[in-house]
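Participant: Starting from these lines, generate the structure:
(one chain, ligands or ions: 1)
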Amino acid sequence: MADRYTPREMLEKLVSFDTTCTRSNLALIDFVRDYLEGHGVACWVTPNAAGDKASLFANVGPMVEGGVVLSGHTDVVPVEGQDWTRDPWTLVEENGRLYGRGACDMKGFDALALAIVPEALEAGLKRPIQIALSYDEEDGMYGAPPMIERMQAELPMASAVIVGEPSRLAVVGAHKGILELIVRTKGFETHSSIRHKGVSAVHLAARFVTWLDDRQDENLGRPLPGAELFDPPCTSVHVGEFQGGEAHNITAGRAWFSVDVRACPPETSAEWLERIQAKAAELEAAAQKIRPEARVEVEVKADVPPCAPEKNGAAEALLRRLTGDNASNAVSYATEAGLFQRVGYSTAVCGPGDIAQAHQPDEYIEVEQLEKGEAFMKRLVAHLSA
Ligand SMILES: [Zn+2]
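Facilitator: The predicted structure follows:
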């Protein structure tokens, strides 16, 4: 007989796998595949290039269009350097809270989606639940794009995607994107007394940073129409690291800085990348007039598209019906929702637990949130069986 788990038992099992984003998640994926296949559910496992991580998606119920994707990630943020007072990989209940790394972000939702499977099969779903579990969500979101591409090839199109990031089961229809860049400048070294004959990579980089800072001020002074739900209601542009130079009296040969752009819908990460690349080309051309060796290079470290609010979106409408939450919500943290939306899925975020507990030492999810999440899954099954 196939194994059955309560949501709490399933969460205990998932938390027991150390799936820190810097390590392998294959043990967890193997467990999930065995569990689902034990129930006769078809699974597709997509490994990464190195072969040490994999995503999994599954179709629960008939292979027909109009189903609902339950999207979660299997990786968690590291516990190293954090002040944990308990074993992060053993789920423990205390004062109505279930403690463990990932309990909130977001193995709680994963556990609910997996634990409901036997009940969903018995209910006789008319439209499927498609479970999609990624890796590397916490580190560049590299796992979801190849998984989503394969889902579109293998599975009938779903009518809605629910990304179960912690929102206290509020319906979140929009979030900003993350564009993370490294900009490297190359100069030409001369003595500082004849600085005009060289190019300083530090000055070149500083000019770029000042331009970015001006864009931030410009954005703040010009809130985007329809972005009132966001704080701030515009794209933010930030430089978090800056290094360069060798000595006080030499024009710097090299410098670099990191840029973090939080694209606010309706703006996109792609248009910001284009603007920044155009500025890089302009600064490089000006510097090359002094020395042809000068360079300004932009490297994309991570690119997570924003999730734009949908007009009469199917995902939000479904979630409103299942949760009774009729407020319009937007969040400033990014999720995989934008990646699903980008390829044509109606997508919204809704999951148990509070984002305030995500990534924290002694991370926990309230028992009550897990119970509410279970009731939510039962309503989803009823909806898809009707
Ligand atoms: Zn998460």
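Participant: CA atoms for contacts and neighbours, from now on please.
Facilitator: OK.
Participant: so for stretch 172-192, what's the average pLDDT?
Facilitator: The pLDDT scores in stretch 172-192 average 96.
Participant: which parts of that stretch are buried?
Facilitator: 172-190, 192 (16 or more other CA atoms under 10 Å).
Participant: chain center to that stretch, what's the gap?
Facilitator: Counting by CA atoms, centre = their mean, to the nearest Å, stretch 172-192 is centred 20 Å from the centre of its parent chain.
Participant: Make 755 the starting number, not 1.
Facilitator: Will do, 755 is the new start, and the previous item becomes stretch 926-946.
Participant: Could I get the full set of helices for the stretch 1005-1140 of the chain?
Facilitator: 1023-1042, 1068-1077, 1091-1096, 1121-1139 (DSSP state H, counting those that start in this stretch).
Participant: quick one: contacts of the helix or strand bottoming out on mean pLDDT in the chain?
Facilitator: Least confident helix or strand of the chain, by mean pLDDT, DSSP states H and E, is strand 1083-1085 with a mean of 89. With contact meaning CA atoms under 8 Å, 6 or more residues apart in numbering, strand 1083-1085 is reached by Ala924, Val925, Val926, Gly927, Ala928, His929, Lys930, Leu983, Phe984.
Participant: TSV for the residues you listed, including secondary structure and distance to Arg1045?
Facilitator: Shown next, in TSV, are the contacts of strand 1083-1085 (DSSP: H, G, I helix; E, B strand; the rest coil; distance: CA to CA, whole Å):
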residue	secondary structure	distance to Arg1045
Ala924	coil	56
Val925	coil	55
Val926	strand	51
Gly927	strand	50
Ala928	strand	46
His929	strand	43
Lys930	coil	39
Leu983	coil	47
Phe984	coil	44
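Participant: And those residues, which two are furthest apart?
Facilitator: Ala924 and Lys930 (17.0 Å; CA to CA).
Participant: Enumerate the positions of stretch 794-813 that are buried.
Facilitator: Buried, per 16+ other CA under 10 Å, within stretch 794-813: 795, 797-801, 807-813.
Participant: For it, the averaged confidence score.
Facilitator: What stretch 794-813 shows for mean pLDDT is 97.
Participant: what distance separates the start and the end of it?
Facilitator: 10 Å (CA to CA, to the nearest Å).
Participant: Centre of the chain to it, how far?
Facilitator: Put simply, stretch 794-813 sits 18 Å off its chain's centre (CA atoms, centre = their mean).
Participant: For it, give me every contacting residue.
Facilitator: Contacts of stretch 794-813 (CA under 8 Å, 6+ apart): 777-780, 783, 787, 790-791, 814-815, 882-889, 897-898, 900-901, 905, 909.
Participant: Out of the buried residues of stretch 794-813, which is nearest to Gly918?
Facilitator: Out of the buried residues of stretch 794-813, the member with the shortest distance to Gly918 (by CA to CA) is Phe811, at 14.9 Å.
Participant: In terms of helices and strands, where is that closest one?
Facilitator: strand 808-814 (DSSP states H and E).
Participant: what's the following helix or strand after that strand?
Facilitator: strand 822-827.
Participant: For that following strand, output the C-alpha coordinates as CSV.
Facilitator: The C-alpha coordinates for strand 822-827 follow below in CSV (Å, rounded to 0.1, in the frame of the first residue of the first chain):
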residue,chain,number,x,y,z
VAL,A,822,-3.9,24.2,-11.2
VAL,A,823,-0.1,24.3,-10.7
LEU,A,824,1.1,24.2,-7.1
SER,A,825,4.6,25.7,-7.3
GLY,A,826,7.2,25.4,-4.6
HIS,A,827,10.9,25.3,-4.2
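Participant: quick one on the thing from earlier: note down every partner strand of the least confident helix or strand of the chain and its orientation.
Facilitator: Each strand that pairs with strand 1083-1085, with its direction, by DSSP bridges: strand 926-929 (parallel).
Participant: Who does Val823 form a beta bridge with?
Facilitator: Here Val823, judged by DSSP bridges, has bridge partners Gln884, Val915.
Participant: same question but for Arg1008, I mixed them up
Facilitator: Lys940.
Participant: Distance check, it against Phe771.
Facilitator: In this view, Arg1008 and Phe771 are 43 Å apart by CA to CA.
Participant: okay, the two: which has more neighbours?
Facilitator: More crowded of Arg1008 and Phe771, by other CA atoms under 10 Å: Arg1008, with 23 against 20.
Participant: correct me, but the more buried one touches Val953?
Facilitator: No: taking CA atoms under 8 Å as the contact criterion, Arg1008 and Val953 are not neighbours in contact, 10.0 Å apart.
Participant: intersection of neighbour lists for these two?
Facilitator: Looking at what touches both Arg1008 and Val953 (by CA under 8 Å, 6+ apart), the common residues are Gly941.
Participant: circling back to that earlier point, ok, the buried residues of stretch 794-813 vs Gly1105, which is closest?
Facilitator: The closest of the buried residues of stretch 794-813, once distances to Gly1105 are taken by CA to CA, is Phe811, at 18.4 Å.
Participant: who's in contact with the closest residue to Asp859 other than its chain neighbours?
Facilitator: Sequence neighbours aside, Ala1112 is the residue nearest to Asp859 in space, at 5.3 Å (criterion: CA to CA, 6 or more residues apart in numbering). Going by CA under 8 Å, 6+ apart, Ala1112 touches Gly856, Cys858, Asp859.
Participant: so how many other residues sit close to Ser1139?
Facilitator: By other CA under 10 Å, neighbour count at Ser1139 equals 17.
Participant: Let me see the ranges of the helices in the stretch 855-1004 of the chain.
Facilitator: Listed in chain order, the helices of the stretch 855-1004 of the chain (DSSP H, counting those that start in this stretch) span 861-869, 871-877, 898-908, 955-974.
Participant: quick one: Lys1132 from Glu819, how far?
Facilitator: Remark: distance between Lys1132 and Glu819 (CA to CA) = 20 Å.
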